[in-house]
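> got a predicted structure here, sequence first:
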Amino acid sequence: MPMNETHASVMNNPATRQKEYTSLGRLEGRLRRARVAIRDARFGNKTHDADYIPNGPMYWNANAFHRSYLEMEKRFKVFVYEEGEPPLFHNGPCKSIYSMEGNFIHEIEVNKQFRTRNPEEAHVYFLPYSVTMLVRFVYVRDSHDFSPIRQTVRDYVNIISTKYPYWNRSLAADHFTLACHDWGPETSNSDPYLRKNSIRGLCNANTSEGFNPSKDVSFPEINLQTGDTHGFLGGPSPRLRSILAFFAGGVHGPIRPILLEHWENKDEDLRVHQYLPKGVNYYDMMRKSKFCLCPSGYEVASPRVVEAIYTGCVPVLISDHYVPPFGDVLNWKSFSVEVSVSDIPNLKNILTSISTRQYLRMQRRVIQVRRHFEFNSPPKRFDVFHMILHSIWLRRLNVRVHDDE
């Protein structure tokens, strides 16, 4: 797990500097102890845990992840700015492709373990706006004018940076936002520190559009059509999966036309469709398939990645510049296949070259990592809500906030 550090200056007036240094010094001291514990765990024995003990090649270092997770549970505190009114703030979609925006906002606001009402004891500060709601209520449809959204976010930053000292003391390095809408990266352009310094949680984790894995967080796009995962989890054993690979979806963006051109209705092993045949169920097809193709649309993220994991289908990530979720903890190469856009013509050869033994390993690992992508309300340990929080915790460990003097 990365441990690069970013230094952020504290710029408080002299009257409050001593008090600020004392509380900040204690907070940073506890973070130092957490860093040491995580570093030492990389080479130590496993820690007992009644719920789950991470293990296996799905993790870059299972011991370090487990210790980091336990340190997060023991120490991590999030302050949620209370300024702002729904529907733009403290609100978001919970039953759509962008559902993780609304669900995270809701869960962190009602959370009693991680949320603190005392900003002095917080490690990070959350700006609870929903990009999806900004697009719905502020953006003028078909105007191609982002300025109303940018102005709304800029005004919000001005309010919190004037009322509280925390934004200015770190230049936003210990502040975070969360956006699953495609325009999340664009929205962060509203303020230079928001884009350059803050921890941006993004579904659209595209390095060609400025996503920075060392400070930003990639989290999964989950299409909760009914608001929960009931009926979506689980699938048959590998021996009952007779289809090599499956994809069905519209022509969105530059990658899918290439996939459809080469493979649509051309091979019985690769079931690639723009439109599913009548009477064929999308999720049933996933459960019958060994591999599920997950090409990017207009943006790099796709809900198919999580849908594949939910149904026990090995995801095939077809994208350029995409940073998969929780990649500083999870070794995606151990349970998924990454295919560049240029290799789409060789897709069948790539998949058939994976031995049965290797496929069985990958499929078993998909089942094992599924808990990290499951949405629960209320949240459960190690689920997607906690994995998002853990990713933010890791980024905060990389930041040292200190006094000017």
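Ah, there it is. Just so it is clear, the model here is predicted, and its values are computed rather than measured. Numbering: from 1, shown residues only.

> quick one, longest helix in the protein?
Longest helix in the chain, counting residues (DSSP state H): helix 14-41.

> which residues in the stretch 151-300 of the chain form strands?
Here the stretch 151-300 of the chain has its strands, by DSSP state E, counting those that start in this stretch, at 175-179, 199-202, 217-218, 243-248, 270-273, 289-295.

> mean neighbour count and distance to residue 143 for these - can I get that in JSON lines?
Every residue, glycine included, has its C-beta placed from N, CA and C. Listed next are the strands of the stretch 151-300 of the chain as JSON lines, based on neighbours: other Cβ atoms under 10 Å; distance: least, Cβ to Cβ, whole Å:
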{"stretch": "strand 175-179", "mean neighbour count": "24", "distance to residue 143": "20"}
{"stretch": "strand 199-202", "mean neighbour count": "26", "distance to residue 143": "23"}
{"stretch": "strand 217-218", "mean neighbour count": "26", "distance to residue 143": "29"}
{"stretch": "strand 243-248", "mean neighbour count": "21", "distance to residue 143": "33"}
{"stretch": "strand 270-273", "mean neighbour count": "21", "distance to residue 143": "34"}
{"stretch": "strand 289-295", "mean neighbour count": "26", "distance to residue 143": "29"}
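
> distance to residue 155 and mean pLDDT added to those strands, as CSV?
Output for these, formatted as CSV (distance: least, Cβ to Cβ, whole Å; pLDDT from 0 to 100):
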stretch, distance to residue 155, mean pLDDT
strand 175-179, 15, 97
strand 199-202, 19, 98
strand 217-218, 25, 98
strand 243-248, 43, 97
strand 270-273, 46, 96
strand 289-295, 38, 97
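
> same list (these) but as TSV, adding distance to residue 146.
Below are the strands of the stretch 151-300 of the chain laid out as TSV (distance: least, Cβ to Cβ, whole Å):
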stretch	distance to residue 146
strand 175-179	14
strand 199-202	16
strand 217-218	22
strand 243-248	32
strand 270-273	35
strand 289-295	27
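
> please name whichever of these is nearest to residue 115.
strand 175-179 (13.4 Å; Cβ to Cβ).

> list the strands paired with the closest one, with their directions.
Paired neighbours of strand 175-179 in the sheet (DSSP bridges): strand 124-126 (parallel), strand 199-202 (parallel).

> possible to save these as JSON lines with distance to residue 346?
Output for these, formatted as JSON lines (distance: least, Cβ to Cβ, whole Å):
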{"stretch": "strand 124-126", "distance to residue 346": "43"}
{"stretch": "strand 199-202", "distance to residue 346": "30"}
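
> distance check, the residue most central in space within the chain against residue 31.
Geometric centre of the chain, nearest residue: residue 219, 0.9 Å, by Cα atoms, centre = their mean. For residue 219, the distance to residue 31 equals 22 Å [Cβ to Cβ, to the nearest Å].

> now the helices for the stretch 51-200 of the chain?
Secondary structure of the stretch 51-200 of the chain by DSSP state H, counting those that start in this stretch: the helices cover 62-75, 99-110, 131-137, 147-163, 166-170, 184-187, 192-196.

> other SSEs contacting the longest one?
So that's helix 147-163. Using 3 or more Cβ pairs under 8 Å, 6 or more residues apart in numbering; DSSP states H and E, the elements in contact with helix 147-163 are helix 131-137, helix 166-170, helix 184-187.

> tabulate those in JSON lines, adding columns for distance to residue 55 and mean pLDDT.
Output for the helices and strands packed on helix 147-163, formatted as JSON lines (distance: least, Cβ to Cβ, whole Å; pLDDT from 0 to 100):
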{"stretch": "helix 131-137", "distance to residue 55": "36", "mean pLDDT": "96"}
{"stretch": "helix 166-170", "distance to residue 55": "36", "mean pLDDT": "96"}
{"stretch": "helix 184-187", "distance to residue 55": "33", "mean pLDDT": "94"}
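
> can I get these in JSON lines with mean neighbour count and distance to residue 242?
Below are those laid out as JSON lines (neighbours: other Cβ under 10 Å; distance: least, Cβ to Cβ, whole Å):
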{"stretch": "helix 131-137", "mean neighbour count": "20", "distance to residue 242": "38"}
{"stretch": "helix 166-170", "mean neighbour count": "22", "distance to residue 242": "55"}
{"stretch": "helix 184-187", "mean neighbour count": "22", "distance to residue 242": "39"}
